[in-house]
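S.K.: predicted model follows, preceded by the sequence.
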Amino acid sequence: MLTPPKTEKRPIEREHHGDVVVDEYEWLRAKDDPAVLAHLHEENAYTKARTEHLSLLQEQLFEEIRARTKETDLSVPTREGDWWYFTRTVEGAQYGIHCRVPATGDDWEPPVLPETTGDELVDASFERLPGEQVLLDDNVEAEGHEYYALGSFDVTGDGSTLLYGIDVEGDERYTIRLRSLDGSGREFDDVIEGTAAGAVFDPSGRYLFYATVDESWRPDTIWRHEVGTAASDDVSVFTEPDERFWLGVGVTRSRKFLMIEAGSNVTSETWLLDADEPAGEFRVVWPRKDGVEYDVEHVVAGGKDRLLVVHNDGAVNFELVSVAASDPQGPRRMLLPHNPAVRLEGVDAFRDFVAVEYRREGLPRVAVAKVPAAGLPADATPDDTLHELSFDEELFSVGIGSNADWVQPSLRIGFSSFVTPTTVYDVVIATGERRLRKQQPVLGGYDPTRYSQRREWAVADDGTRIPISLVYRDDLVDLGVPAPTLLYGYGSYEHSIDPAFGIPRLSLLDRGMIFAVAHVRGGGEMGRLWYEHGKKFDKRNTFTDFVAVARHLIDEDVTAPDRLVAQGGSAGGLLMGAVANMGPRFFSGILAEVPFVDPLTSILDPSLPLTVIEWDEWGNPLDDAEVYAYMKSYSPYENVHGNTNGGGHYPPILAVTSLNDTRVLYVEPAKWVARLRDAGADPLLKTEMAAGHGGVSGRYSAWRERAFAYAWVIDRAKAHPTGE
């Protein structure tokens with residue numbers, strides 16, 4: 001019998017609001033301590049030994065994912081100005097290759113390889129498109145690094161210069177470089193270190209704008225850099241002193257304005273600068289108002305510059321108004337009024353049309369409307385009716401895709417469901433025609449008619465109906481006969497888990513497993529109030545909703561406690577830790593990925609990365625005793641209990657984390673696993689030693705990590721290990 005690592009106890013006292021807590025494992029926070037690193041390596045060795053019997057299954061799953069994936073492939077090119085931009089993947093290469101080809105006049109048909117026609121799905125053998133130019137090969141940039149991520153990528157308006165920002169640690173701090181695209185591949189002397197993601201050129205290409213982060217990893221300052229000068233000469237153009245707010249910088253699609261956006265979890269503010277004066281002063285659109293969020297798009301309607309503003313000032317589900325760009329705080333014209341049944345999520349503006357994204361009945365929607373042209377007769381009625389795009393599946397996801405050009409005549413959208421691979425369409429605005437550009441290839445004879453998706457509803461403790469999405473293979477699952485099931489949940493930040501296709505998931509479905517999503521409160525599936533009722537003093541709803549969904553699936557004989565595995569990551573990992581305490585008897589295993597399981601310790605320390613920003617989501621336990629007590633009541637780490645303290649035995653738990661994660665520090669799952677063992681539980685800890693919040697980088701590495709996790713899930717759910 002393998003013996004788990006024994007974690008040394010070094011008691012540290014913490015006192016807040018008269019409450020004294022003794023934490024034996026806080027010493028694990030010392031990332032550079034050789035004893036901490038040795039402990040993590042010991043945990044990794046133990047986990048590897050405990051899962052050695054799954055090694056063949058892991059390899060089989062990896063090969064299944066690889067065999068179903070078209071490794072040499074081509075994204076649908078997106079036009080911006082005089083170029084079509086796209087990304088290639090090549091068999092055997094971990095990362096993408098960013099390329100472009102010249103565009104021709106008013107031709108808006110994306111280029112395809114010679115052996116295809118416009119009616120066929122794009123075939124992407126590594127034959128070059130005519131005039132193809134490689135801008136950046138991520139595989140070359142990643143050489144010699146265990147981790148690689150591209151955080152900024154932009155090209156000047158004239159197409160002459162590339163800006164790219166790279167992180168090789170996983171800590172989300174990027175180094176910006178510039179490269180000539182004249183064919184020489186010449187690197188500029190400009191090098192800017194320690195930036196956040198999302199740097200952009202101004203429309204002239206003379207300047208670039210970027211953000212840097214403070215000691216808490218919060219993007220807090222926007223800088224202007226003049227190309228060809230030293231980074232030490234860069235000018236700070238905006239600094240955000242409020243630690244609750246993040247900054248980002250961008251350019252409107254019209255190229256009319258530079259834009260700085262400041263946002264907390266509940267409040268936002270936008271500043272604009274005429275792009276013709278990049279060295280000028282930004283001006284605020286609407287001054288920030290606590291609890292009011294808004295997004296801004298520039299549009300030219302009737303020949304006049306207007307701003308489209310999606311906001312929630314007195315409109316919980318948001319509404320859309322239009323204001324004069326020259327006087328944004330002046331009169332507002334109502335375009336889409338508040339609707340309690342529709343959560344308005346965003347608007348994209350183009351020269352001739354706008355596209356609106358919203359959510360109704362738990363699913364995302366997209367609609368388009370034409371922009372009124374200038375010079376209409378006074379008695380004319382503009383054709384600005386909003387037309388929703390319809391689809392014939394019960395469950396689906398649709399969203400606005402890559403649409404870079406202001407004058408494009410069509411809207412690029414992405415469509416997917418649990419059974420339909422991701423599909424790219426261009427919707428021609430003038431005619432409404434929907435042109436298929438590409439559907440994600442699934443090799444090996446994938447037949448979507450063999451799979452079913454459906455919606456069910458559980459009833460929470462307070463009577464609220466909680467939606468559940470299910471997908472399974474018809475010939476292997478008979479609803480009413482308990483089947484091995486993986487139940488996924490998230491439930492924070494108004495983030496919705498919408499129906500989407502995934503190649504790795506097929507390996508579960510083809511072993512007779514059901515994949516289910518619990519759309520718990522704290523997410524945004526059912527509108528803004530769905531989120532509001534799962535945060536701060538209502539946060540426990542997120543956890544009890546998930547338990548209610550598990551109970552429903554068991555009561556309806558969809559699955560059984562010895563065949564049901566729970567999965568969640570990040571804030572969804574908090575959910576996993578909470579349900580492990582609240583309803584351990586419902587699960588045969590819990591997969592917690594980069595789990596936020598020690599939230600009280602983290603949120604109490606303003607010096608930790610991102611802590612102050614999180615107070616809008618969870619409350620401020622540092623200053624508020626009631627918040628402190630409430631968070632302590634559900635914190636997974638605080639509430640680990642022994643077998644005799646109610647709740648029964650814990651199921652086996654697999655916690656996966658990353659050493660360089662700056663969002664959820666590795667120490668949280670490391671401490672949690674140690675305390676779980678104290679309580680007699682059987683947890684495993686796997687720490688990626690060269691990765692960030694999103695896990696390892698590179699698609700093959702990511703597939704191996706998914707194969708590792710799914711092998712453990714299959715084993716815990718008692719699914720057939722080999723499948724067909």
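M.R.: Here it is on my side, so go on.

S.K.: go ahead and confirm residue 312 touches residue 531.
M.R.: No: using Cβ atoms under 8 Å, residue 312 makes no contact with residue 531, being 11.3 Å away. (C-beta placed from N, C-alpha, C; glycine too.)

S.K.: more crowded one of those two?
M.R.: residue 531 (24 against 19; other Cβ atoms under 10 Å).

S.K.: so how far is residue 295 from that one?
M.R.: Separation of residue 531 from residue 295 (Cβ to Cβ, to the nearest Å): 16 Å.

S.K.: contacts for the helix or strand encompassing residue 191, please.
M.R.: In this assignment (DSSP states H and E), residue 191 forms part of strand 187-195. If you take Cβ atoms under 8 Å, 6 or more residues apart in numbering as the criterion, strand 187-195 is touched by 151-152, 161, 165, 173-180, 199, 210-213, 225, 227-229, 231, 234.

S.K.: what lies in contact with the next helix or strand after that strand?
M.R.: Using DSSP H and E, the helix or strand that directly follows strand 187-195 along the chain is strand 200-201. The contact list for strand 200-201 (Cβ under 8 Å, 6+ apart) reads 152, 154-157, 161, 163, 207-210, 249-251.

S.K.: what subset of the residues you listed is buried?
M.R.: Buried by 16 or more other Cβ atoms under 10 Å: 152, 154-157, 161, 163, 207-210, 249, 251, out of these.

S.K.: does residue 458 touch residue 470 like I think?
M.R.: No: when contacts are counted by Cβ under 8 Å, residue 458 is not listed as touching residue 470 (11.7 Å).

S.K.: is there a quick ChimeraX command that grabs whichever of the contacts of strand 187-195 are buried?
M.R.: Restricted to buried positions by 16+ other Cβ under 10 Å, the ChimeraX selection for the contacts of strand 187-195 reads:
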select :151,152,161,165,173,174,175,176,177,178,179,199,210,211,212,213,225,227,231,234
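
S.K.: longest helix anywhere in this protein?
M.R.: Counting residues, the longest helix in the chain under DSSP state H turns out to be helix 699-717.

S.K.: average model confidence for stretch 88-103?
M.R.: In this model, stretch 88-103 has an average pLDDT of 95.

S.K.: what's the end-to-end length of that stretch?
M.R.: Stretch 88-103 has an end-to-end distance of 18 Å (criterion: Cα to Cα, to the nearest Å).

S.K.: and that stretch, which residues are buried?
M.R.: 88-90, 93-101, 103.

S.K.: show me what contacts the residue positioned nearest the centre of the chain?
M.R.: Central residue of the chain (Cα atoms, centre = their mean): residue 495, 8.4 Å from the mean position. Residues in contact with residue 495 (Cβ under 8 Å, 6+ apart) are 523-524.

S.K.: go again using 6 Å as the cut-off
M.R.: By Cβ atoms under 6 Å, 6 or more residues apart in numbering, the contact list for residue 495 reads residue 523.

S.K.: wait, a helix at it?
M.R.: No: read with DSSP: H, G, I helix; E, B strand; the rest coil, residue 495 is coil and lies in no helix.

S.K.: backbone dihedrals for it, please?
M.R.: phi -80, psi 130 (degrees, to the nearest 10).

S.K.: again, but for residue 207
M.R.: Dihedral angles for residue 207 - degrees, to the nearest 10 - are phi -120, psi 160.

S.K.: in space, what's closest to it - neighbours in sequence excluded?
M.R.: Nearest residue to residue 207, sequence neighbours excluded (Cβ to Cβ, 6 or more residues apart in numbering): residue 278, at 4.9 Å.

S.K.: likewise residue 454?
M.R.: With Cβ to Cβ, 6+ apart as the criterion, residue 454 has its nearest non-adjacent residue at 5.2 Å, and that residue is residue 470.

S.K.: about what we covered before: just give me the closest of the contacts of strand 200-201 to residue 409.
M.R.: residue 157 (20.1 Å; Cβ to Cβ).

S.K.: for the closest residue to that closest one other than its chain neighbours, which three-state class applies?
M.R.: Counting by Cβ to Cβ, 6+ apart, residue 157 lies nearest to residue 203, which is 5.2 Å off, once chain neighbours are set aside. Following three-state DSSP, we place residue 203 in the coil state.

S.K.: what's the pLDDT at residue 723?
M.R.: Residue-level confidence at residue 723 comes out at 70, pLDDT.

S.K.: make that residue 118, sorry
M.R.: In this model, residue 118 is scored at 39, pLDDT.

S.K.: cool, and the one 10 residues further on?
M.R.: Here, the pLDDT recorded for residue 128 equals 86.

S.K.: how about residue 80, what does it touch?
M.R.: Neighbouring residues of residue 80 by Cβ under 6 Å, 6+ apart: 404-405.

S.K.: who's it bridged to?
M.R.: On the basis of DSSP bridges, residue 80 is bridged to residue 83.

S.K.: could you measure from it over to residue 357?
M.R.: Taking Cβ to Cβ as the criterion, residue 80 is separated from residue 357 by 21 Å.
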